[in-house]
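1. Sequence plus the predicted model coming up.
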Amino acid sequence: MPNEDIIDVAAGIILRGDGRVLLAERPPGKPLAGCWEFPGGKFESGESPVAALARELHEELGIELDEAHPWITRIHTYPERTVRLHMYRVPAWHGEPHGREGQRLSWEDPQRVSVSPLLSANDGILQSLNLPSLYAITQASKYGTTGFLERLRTALDSGLRLIQVRERGMAPAELEEFARDVVALAHDYGARVLINGNADMARECGADGVHLQAEQLMQGRSRPDGIRLLAASCHDREELLQAAALGADFVVLSPVLPTQSHPGAPTLGWERFAELCLDLPMPVYALGGMRTDMLETAMTHSAHGVALLSGIW
């Protein structure tokens, strides 16, 4: 049963073609007036989240919702109330946004927001929003370390900014040396690197985080110390909820589609993928049979982006 003490709110990440998002200032007379937030508002009785969002965007901004995709759901406690934020990405609408309640609006670069103060719930939302849409998994076992690093540089030149080092066949010493090389090269481009399954190695080689294997995830009791980014591999709802409980920054859910490495293995499919992602607090990447041209399909099914093993190198 829903908690009657929690106020359900639908809010939209309204995305412009240049990557900017729309923020609105809370008008005088409302709680927390003068603070900036993603547009939206409270559910009315019997409304679905997307219906509430469509109504609020019309009432507040004078625009009509054409397309909205569920993204993340976060609970946040303010001094006077607790809200459940149902966040949607809104890539399509019609009409010109304007402050129908006298509020100021601003199109902002989500990586360098210039307006302030933001509502406190939005700090974490912006951190999640700024995760790249592509998450690439290393494949030095196929190309060799030298050949792979050349391919990594090419991908970084093309905009890749989030990488997982996963080389299960490498000896520990070789893996640590390889991880250091990946981290050094990635950091030259401002990209972030996670190490699969080894938080100690992540700390030692200066990586940005650790990616937990599913078995490690289910045995975990707390977030690893000294880790800036925590990710995890998930395959079902139980694992997804455990990742949320540990405070994972994002997860990978698989297998979505058939893969060459596991022909004939059961897959989730897009509809089941979207069902499993419902009301999670962290972004989810789709893995399994992914290609870069599947990104739009993934996002329409609640994925933050796609994770790629062979499809990017």
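-> Right, received. Where do you want to start?

2. Skipping its backbone neighbours, what lies nearest Ala214 in space?
-> Once flanking residues are discounted, Ala214 sits nearest to Ser233: 5.0 Å by CB to CB, 6 or more residues apart in numbering. The way it works is simple: take the backbone N, C-alpha and C, and place the C-beta from them, glycine included.

3. Looks to me like that neighbour is in a strand.
-> Yes: the assignment for Ser233 by DSSP: H, G, I helix; E, B strand; the rest coil puts it in a strand.

4. I'd say it and Leu217 touch.
-> Yes: between Ser233 and Leu217 a contact is recorded at 7.1 Å, counting by CB atoms under 8 Å.

5. Which neighbours do the two have in common?
-> Glu239 (CB atoms under 8 Å, 6 or more residues apart in numbering).

6. still on that earlier bit, pull the contacting residues for the residue nearest to Ala214.
-> His211, Leu212, Gln213, Ala214, Leu217, Glu239, Val251, Val252, Ser254, Leu287.

7. Are any of those buried, and if so which?
-> His211, Leu212, Ala214, Leu217, Glu239, Val251, Val252, Ser254, Leu287 (16 or more other CB atoms under 10 Å).

8. While we're on the last one, how confident is the model there?
-> In this prediction, Leu287 carries a pLDDT score of 97.

9. Next one: it from Thr154, what distance?
-> Taking CB to CB, to the nearest Å as the measure, Leu287 and Thr154 are separated by 22 Å.

10. ditto for the third one
-> Look at Ala214 and Thr154: by CB to CB, they are 31 Å apart.

11. Isn't Met299 up against Arg89?
-> Yes: here Met299 reaches Arg89: they are 6.7 Å apart, a contact under CB under 8 Å.

12. Overlap in contacts, these two.
-> His69.

13. what about Ile163, how many neighbours?
-> The number of residues packed near Ile163 is 27, by other CB atoms under 10 Å.

14. Which helix or which strand is home to it?
-> Assigned by DSSP states H and E, Ile163 belongs to strand 162-165.

15. ok, Thr82 touching Val9?
-> No: between Thr82 and Val9 there is no contact under CB under 8 Å: 10.5 Å.

16. Show me which of those two is the more surrounded one.
-> Val9 (23 against 12).

17. tell me the pLDDT at the more buried one?
-> Value listed for Val9 in the pLDDT field: 96.

18. Repeat that for the one 3 residues further on.
-> Taken from the predicted model, the pLDDT recorded for Gly12 is 98.

19. I would like the residues contacting the longest helix along the chain, please.
-> Using DSSP state H to define each element, the chain has its longest helix at helix 172-188. For helix 172-188, contacts defined as CB under 8 Å, 6+ apart pick out 138, 140, 145, 149, 152-153, 156, 163, 165, 167, 170, 192-193, 195, 201, 204-207.

20. That one: which residues count as buried?
-> Leu175, Glu176, Phe178, Ala179, Arg180, Asp181, Val182, Val183, Leu185, Ala186.

21. Switch these over to CSV; also include distance to His76.
-> Below are the buried residues of helix 172-188 laid out as CSV (distance: CB to CB, whole Å):
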residue, distance to His76
Leu175, 39
Glu176, 39
Phe178, 40
Ala179, 35
Arg180, 38
Asp181, 40
Val182, 35
Val183, 33
Leu185, 37
Ala186, 32
